[in-house]
Every structure is written in C-alpha cells, then in structure tokens.
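Asker: I would like the atomic coordinates for the input below:
(one chain, ligands or ions: 2)
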Amino acid sequence: MSKRSARESGRATPADERRERIEQHLSRLGLDGLDVDAHLAWAREHHPSDVEVVERLLAQAVAIRRERSIEWRIRGSGLKVRKSMAAFDWPFQPKLDRRAVEDLFTLSFLDRREDVLVTGKSGTGKSHILQALALKTCEREIMVRYARCVDLVDDLSAGLADGSYERRMRRWCRPSLLVIDDVGLGQLKRRDEEATAAHLLFTLLDRRHMNVSTALTSNIKLSAWGKYLGDATLAAAVLDRLAATSIHIDIDGPSYRQFLARKRAEEHGQQPPAELESDEP
Ligand SMILES: Nc1ncnc2c1ncn2[C@@H]1O[C@H](COP(=O)(O)OP(=O)(O)O)[C@@H](O)[C@H]1O
Ligand SMILES: [Mg+2]
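Answerer: Numbers count the residues shown, from 1 in each chain. Ligands and ions are numbered 1, 2, ... in the order given. The predicted structure is shown next:
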C-alpha cells in the first residue's frame, strides 16, 4: 500500500480512506509486513470462496506473528551464532551416536524434564550441537536461554555482590531449556568470601531439576569438575543430580576446529599448525 497518506495529499477517495484504515489496523495488530495488495491480487486471479480468502489472510497473519516471535526468542536467548544440524558433518564424527543426537531434536526430553550432558575434547562439535538444539527450541516457540558457564557464574556472582542474586537466579531458573556451554573452559573468577561456582551451579541445577531441562557441555573429565568449580563435594553433588536424569552423549573423536585450521593452512600453502588445541570456541 502507498506509504504517502491519501488524506495528506488532499485527494482522498472513500477507497483511499478505507485502505488507510486497513494500514492502521495492521499496524495496531503488529502486522505491518502483511501484503494486502498481493493477497487481493491472488484473490482476483484465483477466484477463491469468501471463506478461503479469510483463511489465507489469517494464515499469513499468523505466519508473520510466529516468525517475529521466533526472532524475538532467538535474540533474547543469548545465542551469538545460529547453528543448524543441516550443516553438521556426520561422517567426520563416526563414533558419535547419531540416533541419540537426532532424538534430542524431537525435544521430547523437554517433556520428560530430562537433562543433557555432552562431553568430549575441544572442537568435537559439542557447542555446535547444543547451539543448534537451542535454536530448534526457539523455533518451536519454547523459552530457552544459552550461556557459557563462565558468564553464567559471573552473572550470579555479580548478583551476590549487588543484592540482585535472587532475581538473577529466578531468571536462570525460568526457561524450559537452559544450555550451559563449556563447563571447564575459561577462568572462573572468585573472591575468597564468595560462594564457589560449584555452589552457584548446584543451587541452580537443584532448583531446575525435575522441573525443567538443563543441557551442559564439558571438555574436561567429570572427575576434574571439582577442581574447576572450586568444591569437590558440591561438584560431585551437581554430577549426581545430572546422572540421575541426564542423557549423556560423549563425542570421542577428532577436532573439527583442527580439521578446519589444517584445511585453511593447506589452501594458503602454509604449514598446518601443530597440535592446535585452542580451548576457545
Ligand atoms: N561434525 C561437524 N560438522 C560441521 N561442523 C562442525 C562439526 N563439528 C564441529 N564443527 C564446527 O567446528 C567448530 C568447533 O566446534 P564446537 O562445536 O565449537 O566444538 P566444541 O564445543 O566441542 O569445542 C564450530 O564452528 C562448529 O560449527
Ligand atoms: Mg564449545
């Protein structure tokens, strides 16, 4: 529809005024993207029944609202990249249990309130899988949040410092799926008088447990969680909670990151990097 108001131009016919009102209705309904002209052109060409016309218009309106809701969810989820399993090279990781991974993407574990733990060395695709899973969850219009473990612990620690801990904790407890990526990566900052990361993580998982699902990735052995999280007993309790209800997927295979680095080096005629085991995602 014409952007310039027919009334402003001083030549408004009743038809112009009706169109202007339609534009206002669409705007108030948050349906600015709805192409009424294209819809009318389709109706003129195909001669559908009245009910068909209404049904098609409503279907387009719903599609626009749904797309917007998904985009809003993705933006609010904390995901910084949009990964999909369509881009996942399965043959590269032959020992990975493909059925178990694909089963995650039915999202039935969310109904069962199960947790997910993905372990494996750096670069094996752990984050890729859970980022794709978070995206899929957004597409189903289910509330999801994604954070790296260090950022989540930092956020809760900041809450302890400024009195907003309970509010922040509730925010992390709310989503139907919380992805905690990279347990074991990055330095967990902590002052002596503060609660350990193990304590914060235990409280969070304890509150979410059996209520909503949490999915974690880790590149360190489960036996090393105590040292990393700063409290062996609580870290063991975290793992106990997870063991009780979690789907464990271990990726025992090569690093795709190293594969990409080697390929890039070859393409540029350079020496491939020696055991490049960068732990940064
Ligand atoms: N099997 C795979 N097929 C395609 N891309 C992959 C595969 N595994 C990993 N990647 C890509 O390699 C990079 C490193 O993977 P990532 O998931 O971050 O590893 P991890 O979290 O296990 O350290 C990412 O860009 C990811 O998309
Ligand atoms: Mg990772």
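Asker: quick one: average pLDDT of stretch 223-234?
Answerer: On average, the pLDDT along stretch 223-234 is 87.
Asker: ok, now stretch 18-33?
Answerer: Average pLDDT, stretch 18-33: 90.
Asker: buried residues in that stretch?
Answerer: Under the neighbour-count criterion of 16 or more other Cβ atoms under 10 Å, stretch 18-33 has 19-20, 23, 26, 31 buried. Where you see a C-beta, it was placed from the backbone N, CA and C, and this is true even at glycine.
Asker: what's the burial count for the nearest residue to residue 57 once chain neighbours are set aside?
Answerer: With sequence-adjacent residues excluded and distances taken as Cβ to Cβ, 6 or more residues apart in numbering, residue 57 is closest to residue 39, at 5.7 Å. Other residues within reach of residue 39, judged by other Cβ atoms under 10 Å, total 14.
Asker: thought residue 39 was touching residue 56?
Answerer: Yes. Look at residue 39 against residue 56 with Cβ atoms under 8 Å: they come within range, at 6.9 Å.
Asker: Can I get the buried residues of stretch 18-33 in TSV including distance to ligand 2 and secondary structure?
Answerer: Shown next, in TSV, are the buried residues of stretch 18-33 (distance: Cβ to the ion, whole Å; DSSP: H, G, I helix; E, B strand; the rest coil):
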residue	distance to ligand 2	secondary structure
19	52	helix
20	52	helix
23	47	helix
26	43	helix
31	39	coil
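Asker: Which of the residues you listed lies at the shortest distance from ligand 1?
Answerer: residue 31 (35.4 Å; Cβ to the nearest ligand atom).
Asker: residues contacting the closest one?
Answerer: Residues in contact with residue 31 (Cβ atoms under 8 Å, 6 or more residues apart in numbering) are 61, 64-65.
Asker: give me phi/psi at residue 209?
Answerer: Dihedral angles of residue 209 (phi, psi; degrees, to the nearest 10) stand at phi -50, psi 130.
Asker: Many thanks, I have nothing further to ask.
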